[in-house]
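A.B. asks: Okay, sequence plus prediction incoming.
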Amino acid sequence: MDILNGAYGLNPSENQWDWLGPGAYFWEQNPGRALEYAIDCAEGIQKFSGKITTPFVIGAIIELGNCLNLLEPNSVTILKKAYDGLKETTLASGNEMPINKGAKRELDCAVIQYVHQSTKDAGLPPYDSIRSAFLEGKEVYPTSNFTERLHIEICVLNPELIKGFFLPRPIEEFNPYRNKEYVKKSP
């Protein structure tokens with residue numbers, strides 16, 4: 001409620017495993033998935049550097065600005081070049097390439113950070129946001145590309161482009177613990 005009331009801003013995530021790099025993460029048009037994540041964090045299931053005692057969902061009005069939209073073909077080319085550049089500089093310095101291992105997506109994070117540095121080095125405008133599909137969860141059915149938690153994720157790097165916050169409706173569906181105490185399900 002403090003974020004909705006303007007008393008606090010969002011704290012950007014800055015973990016080395018954040019696959020889209022540092023920023024404020026959102027599920028595009030998916031408050032149900034946001035609630036699942038908040039509950040998983042409160043239960044200690046999700047890898048999360050903070051503490052959630054009461055699962056709560058807010059919506060945001062976001063202007064994407066200069067967006068690295070990874071659903072567009074030209075962005076795939078940017079990623080491939082960044083990976084090649086990261087690999088070349090990492091190996092030339094005698095270091096090992098980061099790897100993705102389960103929820104620790106250190107390679108993805110390093111590639112995205114290389115994109116940002118390359119963009120800066122080229123004198124190009126920085127990206128304000130990144131948008132991508134994210135396959136998560138079990139297959140919906142055998143050999144399916146659909147997963148139980150498939151979603152579009154947005155990472156906002158420029159917080160000035162978050163124009164406002166709101167409670168998603170129906171409020172009771174997406175914030176069932178708003179006026180109630182949340183009791184952990186796991187021991």
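C.D. replies: Thanks, I have the structure now.

A.B. asks: Please look at Ile61 and Val156 and confirm they touch.
C.D. replies: No - with contact defined as CB atoms under 8 Å, Ile61 does not count as touching Val156 (11.3 Å). For the C-beta atoms, the positions are set from N, CA and C on the backbone; glycine is no exception.

A.B. asks: list the residues that contact both of the two?
C.D. replies: Shared between the contact lists of Ile61 and Val156 (criterion: CB atoms under 8 Å, 6 or more residues apart in numbering) are residues Ile162.

A.B. asks: Show me the contact partners of stretch 159-173.
C.D. replies: 3-4, 9-10, 12, 24, 31-32, 57-65, 128-129, 156, 174-175, 178.

A.B. asks: Which of those residues fall within helices?
C.D. replies: Pro31, Gly32, Phe174 (DSSP state H).

A.B. asks: gap between stretch 42-58 and the chain center?
C.D. replies: 14 Å (CA atoms, centre = their mean, to the nearest Å).

A.B. asks: One more: stretch 81-91?
C.D. replies: 23 Å.

A.B. asks: same deal with stretch 147-163?
C.D. replies: That offset, for stretch 147-163, works out to 6 Å (CA atoms, centre = their mean).

A.B. asks: Compute the first-to-last residue distance for it.
C.D. replies: 31 Å (CA to CA, to the nearest Å).

A.B. asks: circling back to that earlier point, buried among the ones in helices among the contacts of stretch 159-173? Need that as a selection in ChimeraX.
C.D. replies: Buried members of these, defined by 16 or more other CB atoms under 10 Å, are picked up in ChimeraX with:
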select :31,174
